[in-house]
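# the following comprises the amino acid sequence and a computationally predicted model.
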Amino acid sequence: MAITRIIIPRLVLLLFVVLGVAIITFTISHLIPGDPARMIAGDRASAETLENVRRNLGLDRPVVEQFTIYIGNLLQGDLGTSLRTNRPVAGDIRTFLPATLELGSVALFIAICLGVPLGVLSAVYKDGPIDQIARTVSVCGISMPVFWFGLILIYLFYAKFQILPGSGRLAMGIVAPERITGFLLIDSLLQGRFDAFRSAVYHIILPGFVLAFANMGVITRQIRASMLDVLQEDYIRTARASGLRKRMIIFNYALRNALIPSITLLGLALGDLLYGAVLTETIFAWPGMGTYVVTSIQTLDFPAIMGFTIVASIGYVLINLLVDLAYMLADPQIREV
Amino acid sequence: MSAVMPTEPATASPAMRRAKSISERLLYLWYLSRRSPLTLVGAAIILLVLFMIIAAPMIAPYNPDKVSLTARLLPPSAVHWFGTDEVGRDLFSRVIYGARASCGAAFMIVLISMLVGVLIGCFSGVVGGRVDTAIMRLMDVVLALPALVLAMALAAALGPSLFNSMLAVAIVRIPAYVRLARGQTLSLREQVFVKASRTFGASPFYILRWHILPNAMSPIIVQATLDLGGVVLIAAALSFIGLGAQPPTAEWGALVSSGRSYMLDQWWYATFPGLAILITAMGCNLVGDGIRDMLDPRLRGR
């Protein structure tokens, strides 16, 4: 079947990608100036203690052997121990991941809800005032320094107008709902904790919008471009000639086909989303992976940084694989190649 | 680019032909950009930023590093247009000088990744065979990763400094250029004029230098222009999280970062440097989009 012919090379690439990330992070951890054993044992440790630490970490063995051990640990889900928290990195990531996923999903949802209609309007009224406005908004989104936008919104909505909270996931004094999925919006509803739900919604509005804004720009631009392509097609002219309503032509005929090339973009947008989440979380003190990795960077906690890189990379590659599969399912022309 | 231009009469001398073609090109660009006012806005922004970079000592009213403890955290006024920072340095002057560090870094990043990428790409395309396959698979692996996360990890490992963060971003941007340059090389290699040159005994290096590189350059330069806006943002963001330029340096990301702690009471500190980032990135993106639209024959008739 055609699909397997497309999937198998992708899976092979995936394998290489995972190996590649492992090699890159391993090399980076060995490039760091300074002695990791000294970092763990402390400055005043005796030569004997240092030697012990080194042996425990396997640093006295040949590099190739160290790499095999590293890969072996990775395969067992062991990402090492954080130098800062002294806990396993994998556990830390499991703690912080849901907050990031929640923020990312909300942002993606907002970005799609705003970006798609804006792109459609922009294409339908091409070169008119609506198009100019939509294009300006979209360029603004693409050119927006996320960290600065977050600060400005905090200043306006938290400090000046005092209508929205500026940091964290829940208001002080509200007990977090018991962790089921780790998504506060879902957990609080599942347990009927409407106070927590309300607070969580208020807290996610600003960071969600900041993170959504940049992606909205990319989505608007993509939808506009593919809508312009589709609107030129013969079948659109035919539909128009047969007297179909304009709204019907735009949504049922043009948009459905214009969305297909946009699916690929979605996978790429996730990379931006991930990176934007790092900055947004830092600004809004959002207790997710981004805050975790920036704190790790500032304290030179390399196992944590590399653990984050590995998890983020593998997640990104897997999602892109899924996106490509979705693309194949959505576009019959590709399925039958 | 050459495909866009009308062909000149063969009788003109090379110098004349070149002059004519440049002025024609400029006219044509002018004609095209008049149809999209946003591109002109972008071009104006870029000119303004370039002017700031070149003429910084002349425009800046104060020395950007001059500390004045009696003038700490003053709000914007006629004397200090953008206000002052926590040790009384004039923020307007610091933002103007910051263009040098911020835009200089972005420009260097694009330049390095473009040069290295084009070299590897052309080499890979000309050599072909197993070397080519190996290089391209390696690039596939790097391209499949989230570039910015990788840049962060790299910059963290190299140690926080403006130079290291530039290096890290440049490295993760190389594969895109490798792919583009290799694609160009492969298609040009089969062109009749290249084949003819080979028949006359031209060496691979000669062909690369005189036939492939000049013709492959225009799509690569378009890509570089498009990249510039994004890179301005990334460089500033790395500085903001403490991986790039370090605080005393007047760099926009670093300025926003130090202004962050004063945001609630002294809004101007972080606001103006951030505005500079936004406007510069916007200028680059508008011009990049404009150039791409001009060169895309599908869009030209519309």
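Noted; the coordinates are in hand.

# any idea how many residues pack against the residue of the stretch 1-150 of chain A found nearest chain B?
In the stretch 1-150 of chain A, the residue that lies nearest chain B is A:Trp148 (3.1 Å; CB to the nearest CB). Yep, even glycine has a C-beta here, placed from its N, CA and C like the rest. Around A:Trp148 there are 30 other residues, counting by other CB atoms under 10 Å in any protein chain shown.

# leaving out the residues flanking it, which one is nearest to it?
Distance criterion CB to CB, 6 or more residues apart in numbering or on different chains; nearest residue to A:Trp148, sequence neighbours excluded, is B:Gly274 at 3.1 Å.

# before we move on, which element is the one you found in?
For B:Gly274, the host element (DSSP states H and E) is helix B:267-295.

# what residues are up against residue 137?
Picking chain A for this. A:Leu118, A:Gly217, A:Thr220 (CB atoms under 8 Å, 6 or more residues apart in numbering or on different chains).

# please refer instead to chain B.
By CB under 8 Å, 6+ apart, the contact list for B:Arg137 reads A:Phe16.

# which SS class is it?
Here B:Arg137 is recorded as helix under DSSP: H, G, I helix; E, B strand; the rest coil.

# what about it, distance to B:Val49?
Separation of B:Arg137 from B:Val49 (CB to CB, to the nearest Å): 39 Å.

# one step back: what sits up against the helix or strand where the residue of the stretch 1-150 of chain A closest to chain B lies?
Assessed by DSSP H and E, A:Trp148 sits inside helix A:146-153. Residues outside helix A:146-153 that contact it (CB under 8 Å, 6+ apart) are A:206-207, A:209-211, A:213-214, A:276, A:279-280, A:282-284, B:237, B:240-241, B:253, B:256, B:260, B:263, B:270-271, B:274-275, B:277-278.

# ok, 6 Å please
Outside helix A:146-153, the residues within contact range by CB atoms under 6 Å, 6 or more residues apart in numbering or on different chains are A:Leu206, A:Val210, A:Gly276, A:Leu279, A:Thr280, A:Ile283, B:Phe240, B:Val256, B:Met263, B:Ala270, B:Gly274.

# tabulate those residues (a markdown table), appending secondary structure, neighbour count and distance to A:Ala171.
Below are the contacts of helix A:146-153 laid out as a markdown table (DSSP: H, G, I helix; E, B strand; the rest coil; neighbours: other CB atoms under 10 Å in any protein chain shown; distance: CB to CB, whole Å):
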| residue | secondary structure | neighbour count | distance to A:Ala171 |
| --- | --- | --- | --- |
| A:Leu206 | helix | 22 | 14 |
| A:Val210 | helix | 27 | 19 |
| A:Gly276 | helix | 28 | 25 |
| A:Leu279 | helix | 25 | 23 |
| A:Thr280 | helix | 30 | 19 |
| A:Ile283 | helix | 25 | 18 |
| B:Phe240 | helix | 31 | 27 |
| B:Val256 | helix | 27 | 27 |
| B:Met263 | coil | 21 | 21 |
| B:Ala270 | helix | 25 | 25 |
| B:Gly274 | helix | 26 | 28 |
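
# which of those residues sit farthest apart?
Using CB to CB, the pair of the contacts of helix A:146-153 lying farthest apart is A:Gly276 and B:Met263, separated by 19.4 Å.

# how about the residues of the stretch 201-302 of chain B by chain A?
Within the stretch 201-302 of chain B, the positions adjacent to chain A are B:229, B:233, B:236-237, B:240-242, B:256, B:263-264, B:267, B:270, B:274, B:277-278, B:281-282, B:285 by CB under 6 Å from any CB of the partner chain.

# mind listing what's buried along the helix holding B:Gly274?
Buried residues in helix B:267-295, defined by neighbour count with 16 or more other CB atoms under 10 Å in any protein chain shown: B:267-278, B:280-291, B:293-295.

# could you check the angle it makes with helix A:146-153?
Between helix B:267-295 and helix A:146-153, the angle comes out at 130 degrees (axes from the mean of the first three to the mean of the last three CA atoms, to 10 degrees).

# I'm done for today, thanks for sticking with me.
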